[in-house]
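Q: Next comes the sequence, and after it the predicted model I'd like to discuss.
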Amino acid sequence: MAASMLGWAWGPLRPGGPGVWARGRRPLGPAGSGRSVAAASGAGGAGTDRYCLELLRKRDYEGYLCSLLLPTESRSSAFALRAFNVELAQIKDSVSEKTIGLIRMQFWKKTVDDIYSDNPPRQPVAVELWKAVKRHNLTKRWLMKIIDEREKNLDDKAYRNIQELENYAENTQSSLLYLTLEVLGVKDLHADHAASHIGKAHGIVTCLRATPYHTSRRRVFLPMDICMLHGVSQEDFLRKNQDKNVRDVIYDIASQAHLHLKHARSLHKSVPVKAFPAFLQTVALEDYLKKIQQVNFDIFHPSLQQKNTLLPLSLYIQSWRRRY
């Protein structure tokens, strides 16, 4: 069914598509890792928190805004977790050879081991992450899952199917949310369930949002099963083809993200209110999905690359309303 003929109603993938939720619960080092904490912050190891904050502000602005709205006692730990995620996420694009990427991932695996041995390396993000682990007794396996999944993703290969993309999102974005819930002191099955869905939605939206950047580097990572379903090739995206079939691919993928958001929000009466701040990123996800609907699923439309200047206000309102 053509996206342009839908009259728009979000829906799941076509019959026979993947299930919605399969729970898997809960450079040398990266840039700056060769510098000591003192060197990175100016003196005596002070300022590692500022390093994380600035890294987020530059590399994960939406995550930065969401973290600012967390309770004061949880904020610095959330910054540390997101900075850790940014350090790992930027490895793939910052190395010219997979081998170098693997070395950097190994650095972070050892760093996490050292953090849990109370011996963090003198690297700003590592120091702040160590503080967060000590303060909230964070679960080590979530940190290691994020590293392992991003290590597997160093290969420049498209996702074979939507399930593979969802698994990647579960092990990265959902794991980050499980850790954020621990920072907030939330231990609840319904909150974990919502986090799983939101993490998957985040991963899918991130894949869509990054498509113009990836195609500029002659790479396409969109799920191959959906592309094949509509007879669309990677070359169609590289040429920025605007045919109906190309838009239908984007429609199907975006619909799956919307479906995950819908399921997460259907749980809001069961999720403890204390967990809601961890899920504020749903505001930015929904904003993108609405925008892509408005441009009839043209993944390359210039408006999708523009920053939403009202996002800080929207996040604040949602936080004040205690909604996600």
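A: Here it is on my side, so go on.
Q: Tally up the residues packed near Asp287, please.
A: When neighbours are counted by other CB atoms under 10 Å, Asp287 registers 16. To be clear about C-beta, it is placed using only N, CA and C from the backbone, and glycine gets the same treatment.
Q: Can you mark which positions in the helix or strand where it lies are buried?
A: Using DSSP states H and E, Asp287 falls within helix 282-294. Neighbour counts using 16 or more other CB atoms under 10 Å place 282-289, 292-293 of helix 282-294 among the buried residues.
Q: Among the residues you listed, pick out the one closest to Ile250, please.
A: Nearest to Ile250 among the buried residues of helix 282-294 is Ile292, at 7.0 Å by CB to CB.
Q: most centrally placed residue in the protein?
A: By CA atoms, centre = their mean, the chain has its centre lying nearest to Gln173, at 4.4 Å.
Q: any idea how far Arg57 is from that one?
A: Distance of Gln173 to Arg57, computed by CB to CB, to the nearest Å: 20 Å.
Q: and if you look at Phe279?
A: 21 Å.
Q: Looking at these two, which is more packed in?
A: Per other CB under 10 Å, whichever of Phe279 and Arg57 has more neighbours is Phe279, with 26 against 14.
Q: hang on, the more buried one packs against Ser196?
A: No: at 11.5 Å, Phe279 and Ser196 do not qualify as touching, with contact defined as CB atoms under 8 Å.
Q: Please give me every residue in contact with the residue nearest to the centre of the chain.
A: By CB atoms under 8 Å, 6 or more residues apart in numbering, Gln173 lies in contact with 198-200, 202-203, 206.
Q: tell me which strands and helices the helix holding Asp287 is in contact with?
A: Where contact means 3 or more CB pairs under 8 Å, 6 or more residues apart in numbering; DSSP states H and E, helix 282-294 is packed against helix 189-209, helix 244-265, helix 311-320.
Q: cutoff 10 Å now
A: Secondary-structure packing of helix 282-294 (3 or more CB pairs under 10 Å, 6 or more residues apart in numbering; DSSP states H and E): helix 61-68, helix 189-209, helix 244-265, helix 311-320.
Q: the bottom helix or strand of this structure by mean pLDDT?
A: The weakest-scoring helix or strand in the chain, judged by mean pLDDT, DSSP states H and E, is helix 37-41 (a mean of 38).
Q: related to what we said a few turns ago, how far does the helix holding Asp287 sit from its chain's centre?
A: Put simply, helix 282-294 sits 15 Å off its chain's centre (CA atoms, centre = their mean, to the nearest Å).
Q: quick one: that helix to helix 61-68, angle?
A: 150 degrees (axes from the mean of the first three to the mean of the last three CA atoms, to 10 degrees).
Q: so helix 282-294 versus helix 311-320, what angle?
A: If you take the same axes, to 10 degrees, helix 282-294 sits at 130 degrees to helix 311-320.
Q: Assign a three-state SS to the closest residue to Trp130 other than its chain neighbours, would you?
A: Closest residue in space to Trp130, ignoring its immediate chain neighbours: Pro120 at 3.9 Å, by CB to CB, 6 or more residues apart in numbering. Under the three-state scheme (DSSP: H, G, I helix; E, B strand; the rest coil), Pro120 adopts coil.
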